[in-house]
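S.K.: just the structure for this:
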Amino acid sequence: GSVYPWSSAVLVCGMLALAALGLGRPTRAALGERRWLAVAPLGLFLLVALLQCLPVPASWLQTLAPQRLGLWLLPFQATDASAPGWFATSLYPRGTLLEGSRFLTYALAAVLVMTWLGQDRQESRQDFASALLWTIFLTGLVVTLIALGQIMIGAKAIYGFWMPQHSNTFMGPYVNRNHFAGYLEMTLPVGLSLLAILLRRMNTGGDDRRSQAQAGRRRTGVLLVALAVLVMLIGLLTSLSRAGVLCWAGALCLQLPVLLFMVRRRGIKTRNLAIMGLLMVVLVAWLGSSDWARLGERVGSAIYSRDLSRDMRYQLFNDTLRMSGDFPVLGVGLGSYQQVLPMYKTIERQVFIDHAHSDYLEFLAETGWVGALGFLAFLAAVLLVGGRAVVTTMRQGPRVSEHQANAAIMTCGVLAGVVAMSLHGLVDFNLRIPANALLFFVLCGATLALAPAAARSRGAGSRGGLDVVRDARGASRSSAPATSPAD
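M.R.: Below is the predicted model of the structure:
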């Protein structure tokens with residue numbers, strides 16, 4: 001998960017180098033879309049983090065946050081030393097600088113995806129969209145296979161040699177199984193969208209020998225992708241993460257109707273349904289041979305808790321809210337939560353707590369209402385743009401072009417990953433796990449970039465994105481199969 005300093009530094013430096021090499025000069029198509037307005041609130045969030053690192057006169061701090069100034073002055077008052085006239089607004093400037101640099105790289109990743117998906121050449125857009133989704137999906141499959149292999153052999157260390165310092169519940173390369181589940185809940189929807197695109201193309205082609213051979217290869221591809229999705233689902237269930245499973249199920253309830261609607265437009269033959277039925281039998285057989293009662297007990301304990309006030313996470317939420325109430329405008333400083341929490345901690349157990357177990361409450365405590373609202377506005381814009389694009393495509397029904405349908409399916413996949421992580425953020429801190437946060441912002445950038453192509457109506461012309469709609473004279477009604485971005 002890149003949670004240790006050395007791995008986080010590799011991620012940040014690598015992303016900064018990639019951004020320096022890959023951004024270049026954004027094209028007119030990339031900058032001309034209104035979707036770039038959705039990134040502006042994220043800039044406000046980063047601006048708050050920057051301001052927290054800068055020292056300001058003590059008189060300003062007395063006006064903005066007198067309690068923070070009092071905390072800064074305590075060491076000097078205890079030693080009768082002369083206090084400086086300038087103080088940083090963050091209570092832990094070094095932590096704010098480090099955490100702010102990470103979020104800067106996440107934002108650059110989203111901008112980089114939007115820039116590459118906004119290129120002028122249609123072929124480049126299609127190739128990058130296909131490569132991006134397949135890379136996310138196949139990487140998730142490899143990580144899942146590593147995790148399942150660790151369970152099978154009873155591994156005591158990550159990759160056989162790396163011992164986590166603060167956890168013995170690792171899965172794959174992740175120190176914590178809940179964050180492994182958070183990763184899979186973002187990659188699984190991408191795999192389902194790729195499967196839907198392959199299903200749509202399965203029945204295309206003629207009756208000659210060459211077309212039959214192509215149809216056979218497509219069926220094989222569908223089977224392999226479906227098996228990969230099944231393996232990843234088994235990995236998610238094996239993590240026994242209550243929030244991970246429930247949040248993915250919630251996102252699936254939104255994604256599945258859209259995918260079924262799109263697939264039904266092309267039809268599924270009986271043999272394809274038999275393949276899906278066989279996969280379900282395999283899944284049921286695996287569940288029957290697994291210790292599945294543990295997840296049911298964990299979910300039940302969360303739903304039917306008798307005394308919520310004694311729950312450690314509930315107490316931590318209350319402590320975090322009290323902290324944010326004392327520093328409502330700019331917060332205590334991004335990345336400062338661990339250092340400030342001891343002043344507000346009411347949990348009797350002597351446990352190591354470095355995060356609030358809620359991304360939104362932690363943003364509120366660390367960046368105040370200004371930074372928290374900036375992040376929430378960015379997230380709301382992503383959900384709104386992506387959701388409207390998918391709904392617009394579904395309303396068009398049979399009039400939708402092949403490019404537009406595929407763009408809508410891919411938008412639905414990345415958007416479902418964003419929805420799952422957004423729900424999980426209510427009760428966990430996946431956005432403070434660099435690997436998960438990076439993928440989350442990549443999915444946000446992909447949603448904003450793919451949505452215009454999915455929402456574009458027939459005959460609207462080409463103004464960037466994946467969909468290049470042909471002229472209104474009927475060229476798009478040709479019987480030749482269209483090229484899919486996911487081929």
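S.K.: from here on, just use CA atoms for contacts and neighbour counts.
M.R.: Noted.
S.K.: so how far is the biggest helix by length in the chain off the chain centroid?
M.R.: Secondary structure of the chain per DSSP state H: the longest helix is helix 359-396. With CA atoms, centre = their mean, to the nearest Å as the basis, helix 359-396 stands 12 Å off its chain's centre.
S.K.: now do the buried residues in that helix.
M.R.: Within helix 359-396, the residues scored as buried using 16 or more other CA atoms under 10 Å are 359-379, 381-383, 385-387, 389-390, 392-394.
S.K.: for stretch 340-351, same thing?
M.R.: 340-341, 345, 347.
S.K.: and stretch 313-324, by the same measure?
M.R.: Per 16+ other CA under 10 Å, stretch 313-324 contains these buried residues: 313, 315-321, 323-324.
S.K.: same check, this time on stretch 246-264
M.R.: 246-248, 251-252, 255-256, 258-259, 262-263.
S.K.: let me know the closest of these to G413.
M.R.: Taking CA to CA as the measure, G413 sits nearest to Q255 out of the buried residues of stretch 246-264, at 7.2 Å.
S.K.: measure how the helix or strand encompassing the closest one sits relative to helix 359-396, angle-wise.
M.R.: Secondary structure from DSSP states H and E places Q255 in helix 242-264. Going by axes from the mean of the first three to the mean of the last three CA atoms, to 10 degrees, helix 242-264 is angled at 10 degrees with respect to helix 359-396.
S.K.: and helix 242-264, what other elements does it pack with?
M.R.: Counting contacts by 3 or more CA pairs under 8 Å, 6 or more residues apart in numbering; DSSP states H and E, helix 242-264 packs against helix 177-202, helix 209-238, helix 293-303, helix 359-396, helix 402-424.
S.K.: confidence-wise, which of those is weakest overall?
M.R.: Per-stretch mean pLDDT for the helices and strands packed on helix 242-264 is lowest at helix 293-303 (a mean of 55).
S.K.: average pLDDT across whichever helix or strand comes after it?
M.R.: Moving toward the C-terminus from helix 293-303, the next helix or strand (DSSP H and E) is helix 312-326. Mean pLDDT, helix 312-326: 88.
S.K.: which residues are contacting the helix or strand just after helix 312-326?
M.R.: Remark: after helix 312-326, the chain's next helix or strand is helix 337-340, criterion DSSP H and E. For helix 337-340, contacts defined as CA atoms under 8 Å, 6 or more residues apart in numbering pick out 91-92, 332, 353-356, 362, 365-366.
S.K.: re the thing from before, now distance to S59 too, for the helices and strands packed on helix 242-264, in a markdown table please.
M.R.: Shown next, in a markdown table, are those (distance: least, CA to CA, whole Å):
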| stretch | distance to S59 |
| --- | --- |
| helix 177-202 | 43 |
| helix 209-238 | 52 |
| helix 293-303 | 47 |
| helix 359-396 | 20 |
| helix 402-424 | 39 |
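S.K.: of the ones you listed, which is nearest W86?
M.R.: Closest to W86 of the helices and strands packed on helix 242-264 is helix 359-396 (CA to CA; 20.0 Å).
S.K.: got the angle between that closest one and helix 402-424?
M.R.: Angle, helix 359-396 to helix 402-424, by the same axes, to 10 degrees: 150 degrees.
S.K.: helix 359-396 - contacts with which helices or strands?
M.R.: When contacts are defined as 3+ CA pairs under 8 Å, 6+ apart, helix 359-396 sits against helix 40-53, helix 242-264, helix 312-326, helix 337-340, helix 402-424, helix 434-455.
S.K.: okay, the most far-flung residue of the chain relative to its centre: pLDDT?
M.R.: Distance to the chain centre peaks in the chain at D80, reaching 49.4 Å (criterion: CA atoms, centre = their mean). D80 is assigned a pLDDT of 71 by the prediction.
S.K.: list the contacts for it?
M.R.: By CA under 8 Å, 6+ apart, no residues touch D80.
S.K.: ok, now the one 10 residues further on?
M.R.: Residues in contact with S90, defined by CA under 8 Å, 6+ apart, are 52-53, 96, 331-334, 336.
S.K.: quick check: the farthest pair among those?
M.R.: Greatest spacing in the contacts of S90, by CA to CA: C53 and G331 (12.3 Å).
S.K.: what number of residues lie near the residue nearest to M163 when sequence neighbours are not counted?
M.R.: Among residues not flanking M163 along the chain, A157 sits closest, at 4.9 Å (CA to CA, 6 or more residues apart in numbering). The number of residues packed near A157 is 17, by other CA atoms under 10 Å.
S.K.: what do you get for the one 5 residues further on?
M.R.: The number of residues packed around W162, counting by other CA under 10 Å, is 10.
S.K.: please save the CA atoms from stretch 380-400 in PDB.
M.R.: Only the C-alpha atoms of stretch 380-400 are listed here, as PDB (Å, rounded to 0.1, in the frame of the first residue of the first chain):
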ATOM      1  CA  ALA A 380     -19.600  15.700  -5.900                       C
ATOM      2  CA  ALA A 381     -18.600  17.100  -9.300                       C
ATOM      3  CA  VAL A 382     -17.100  13.700 -10.300                       C
ATOM      4  CA  LEU A 383     -20.100  11.800  -9.300                       C
ATOM      5  CA  LEU A 384     -22.500  14.300 -10.900                       C
ATOM      6  CA  VAL A 385     -20.600  14.400 -14.300                       C
ATOM      7  CA  GLY A 386     -20.200  10.700 -14.400                       C
ATOM      8  CA  GLY A 387     -23.800   9.900 -13.400                       C
ATOM      9  CA  ARG A 388     -25.300  12.300 -15.800                       C
ATOM     10  CA  ALA A 389     -23.300  10.900 -18.700                       C
ATOM     11  CA  VAL A 390     -24.400   7.300 -18.000                       C
ATOM     12  CA  VAL A 391     -28.100   8.300 -17.600                       C
ATOM     13  CA  THR A 392     -28.000  10.300 -20.800                       C
ATOM     14  CA  THR A 393     -26.600   7.300 -22.700                       C
ATOM     15  CA  MET A 394     -29.300   5.000 -21.300                       C
ATOM     16  CA  ARG A 395     -32.100   7.400 -22.300                       C
ATOM     17  CA  GLN A 396     -31.000   7.400 -25.900                       C
ATOM     18  CA  GLY A 397     -31.600   3.700 -26.100                       C
ATOM     19  CA  PRO A 398     -31.100   2.200 -29.600                       C
ATOM     20  CA  ARG A 399     -29.900   5.500 -31.000                       C
ATOM     21  CA  VAL A 400     -26.600   5.300 -29.200                       C
END
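S.K.: within the helices and strands, which one has F87?
M.R.: F87 is part of strand 86-88 when elements are defined by DSSP H and E.
S.K.: which helices and strands sit right next to that strand?
M.R.: Contacts defined by 3+ CA pairs under 8 Å, 6+ apart place strand 86-88 against strand 55-57, helix 58-64.
S.K.: could I get those as TSV with distance to L188?
M.R.: Written out in TSV, the entries for the helices and strands packed on strand 86-88 read as follows (distance: least, CA to CA, whole Å):
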stretch	distance to L188
strand 55-57	44
helix 58-64	45
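S.K.: mean pLDDT for these: which is lowest?
M.R.: Looking at these, the bottom one is helix 58-64 with a mean of 80.
S.K.: touching that one from outside, list them.
M.R.: By CA under 8 Å, 6+ apart, the residues outside helix 58-64 that reach it are 68-69, 85-87, 89, 329.
S.K.: apply 7 Å and report the result again.
M.R.: The contact list for helix 58-64, computed with CA atoms under 7 Å, 6 or more residues apart in numbering, reads 69, 85-87.
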